[in-house]
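Novice: Sequence first, then the predicted structure, then my questions.
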Amino acid sequence: MARATEGWGSGLLGVVIFSGSLPATRVAVEGFSPLFLTSARAVIAAVLGAGLLALLAQARPARRDLGSLAVVSLGVVVGFPLLTALALQHIPSARSIVFIGLLPLATALFGVLRGGERPKPAFWLFSILGSLLVAGFALAGGGEASLLGDGLMLAAVVVCGLGYAEGGALSRRLGGWQVISWALVLSLPAMAALALATWPGSLAGIGRPAWLGLAYVSVFSMLVGFVFWYRGLALGGIATVGQLQLLQPFFGLALAGILLGEAVSPAMVGVTALVVLCVAGARRFA
């Protein structure tokens with residue numbers, strides 16, 4: 001019980017940190033290109049992660065773990081940051097946060113696929129219903145709809161769910177902060193090359209908010225949040241602790257409204273709440 005409680009506490013702290021990711025990304029893409037933002041945040045976090053690994057004299061991961069680390073890297077280091085940065089050029093962060101309500105379901109689905117679980121039929125009913133709600137909201141055009149932006153956000157949710165599930169399972173062997181640190185180090189050569197290739201022509205015109213956004217997503221979203229999140233998944237279970245992501249849309253919507261002054265319509269809040277209920281129901285029968 002103490003282990004599970006500790007996992008929930010660690011996971012909740014991770015979710016709170018992640019809730020600021022989309023608003024911070026929205027601010028950062030006002031000054032940086034999506035490709036540079038994705039690569040720069042990974043490089044900064046990788047340098048910090050490598051420092052931690054060296055300082056604490058961590059052993060290198062076994063060869064059998066490299067494939068899983070590559071999946072984590074592609075899912076949460078490259079895929080999710082890049083896809084969300086691209087999406088936020090077409091939709092406001094408040095709208096993108098609605099799609100984050102599907103992350104618990106995506107994480108659970110990949111947990112099922114990776115763990116060989118057999119959920120009850122009702123699980124799939126809630127899964128399909130939640131997906132239809134999100135698709136219906138996107139098609140209705142609420143909150144400045146964009147087919148491209150919505151599609152990018154759905155793709156981001158899929159790759160992120162895979163990265164979460166893979167990283168959570170691997171954290172049981174390597175430890176939470178070690179998994180994200182090694183995944184970042186693994187991606188460092190490619191991300192460093194991409195950062196140099198997409199370096200802004202001039203830094204003079206980039207405002208302070210964009211720099212603060214880059215700092216947040218680099219240090220907190222890309223490293224610190226995952227330290228707590230993967231530790232929570234490892235201690236409390238991927239499917240169980242993964243449901244804490246149900247709180248993320250509400251935290252994120254509040255931040256988008258408070259920090260960015262973005263309009264949060266009653267319809268958007270209502271759909272987010274319905275999606276949360278669907279994902280909770282899916283978890284109940286997983």
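Specialist: Good, I have the coordinates.
Novice: Okay, helices next: where are they in the stretch 1-150 of the chain?
Specialist: 2-18, 21-28, 34-55, 66-72, 80-87, 93-100, 103-115, 121-140, 147-174 (DSSP state H, counting those that start in this stretch).
Novice: A70 is in contact with V185, isn't it?
Specialist: No - using C-beta atoms under 8 Å, A70 is not in contact with V185; the gap is 11.8 Å. C-beta: built from backbone N, CA, C; applies to glycine.
Novice: what's the least confident stretch among the helices of the stretch 1-150 of the chain?
Specialist: Lowest mean pLDDT of the helices of the stretch 1-150 of the chain: helix 93-100, a mean of 74.
Novice: List the contacts of that helix.
Specialist: 22-23, 25-26, 84, 87-88, 134, 137, 142-145, 149-150, 153-154, 156-157, 245, 248-249, 252-253, 256-257, 260, 262-264, 268, 271-272, 275 (C-beta atoms under 8 Å, 6 or more residues apart in numbering).
Novice: what about 7 Å?
Specialist: 22-23, 26, 84, 87-88, 134, 137, 143-144, 153-154, 157, 248-249, 252-253, 256-257, 260, 262, 264, 268, 271-272 (C-beta atoms under 7 Å, 6 or more residues apart in numbering).
Novice: follow-up on the earlier one: would you mind saying which of the helices of the stretch 1-150 of the chain lies nearest T240?
Specialist: Shortest distance between T240 and the helices of the stretch 1-150 of the chain, using C-beta to C-beta, is found for helix 2-18: 7.7 Å.
Novice: ok, back up a step: filter the contacts of helix 93-100 down to the buried ones.
Specialist: 22-23, 26, 84, 87-88, 134, 137, 143, 153-154, 157, 248-249, 252-253, 256, 260, 262, 264, 268, 271-272 (16 or more other C-beta atoms under 10 Å).
Novice: re earlier: so for S202, which of the helices of the stretch 1-150 of the chain sits nearest?
Specialist: helix 34-55 (12.7 Å).
Novice: Can you list the buried residues in the closest one?
Specialist: For helix 34-55, a neighbour-count test (16+ other C-beta under 10 Å) marks 34, 36-46, 48-49, 53 as buried.
Novice: can you check stretch 119-138 too?
Specialist: Within stretch 119-138, the residues that count as buried by 16+ other C-beta under 10 Å are P119, F123, F126, S127, L129, G130, L133, V134, F137, A138.
Novice: can you tell me which two in those residues are farthest apart?
Specialist: The farthest-apart pair in these, when distances are taken by C-beta to C-beta, is P119 and A138, at 25.7 Å.
Novice: in this structure, which residue is closest to the centre?
Specialist: C160 (5.6 Å; C-alpha atoms, centre = their mean).
Novice: And for it, nearest residue in space, chain neighbours not counted?
Specialist: Nearest non-adjacent residue to C160, counting by C-beta to C-beta, 6 or more residues apart in numbering: F80, 4.1 Å away.
Novice: So the one you found versus L203, what's the distance?
Specialist: Separation of F80 from L203 (C-beta to C-beta, to the nearest Å): 26 Å.
Novice: Those two: who's more crowded?
Specialist: F80 (25 against 10; other C-beta atoms under 10 Å).
Novice: pretty sure the more buried one is touching A156, no?
Specialist: Yes - at 5.0 Å, F80 counts as touching A156 under the criterion of C-beta atoms under 7 Å.
Novice: State the distance from the closest residue to W8 other than its chain neighbours to Q243.
Specialist: Once flanking residues are discounted, W8 sits nearest to G236: 5.4 Å by C-beta to C-beta, 6+ apart. In this view, G236 and Q243 are 10 Å apart by C-beta to C-beta.
Novice: Please apply the same query to L184.
Specialist: Distance from L184 to Q243, by C-beta to C-beta: 26 Å.
Novice: Was I right to think V15 contacts F250?
Specialist: No - in this structure, V15 is not within contact of F250 by C-beta under 7 Å, at 10.3 Å.
Novice: Give me the more crowded residue out of the two.
Specialist: The neighbour count for V15 versus F250, taken as other C-beta under 10 Å, is higher for V15 (22 against 16).
Novice: residue contacts, the more buried one?
Specialist: Neighbouring residues of V15 by C-beta under 7 Å, 6+ apart: L244, Q245, L247, Q248.
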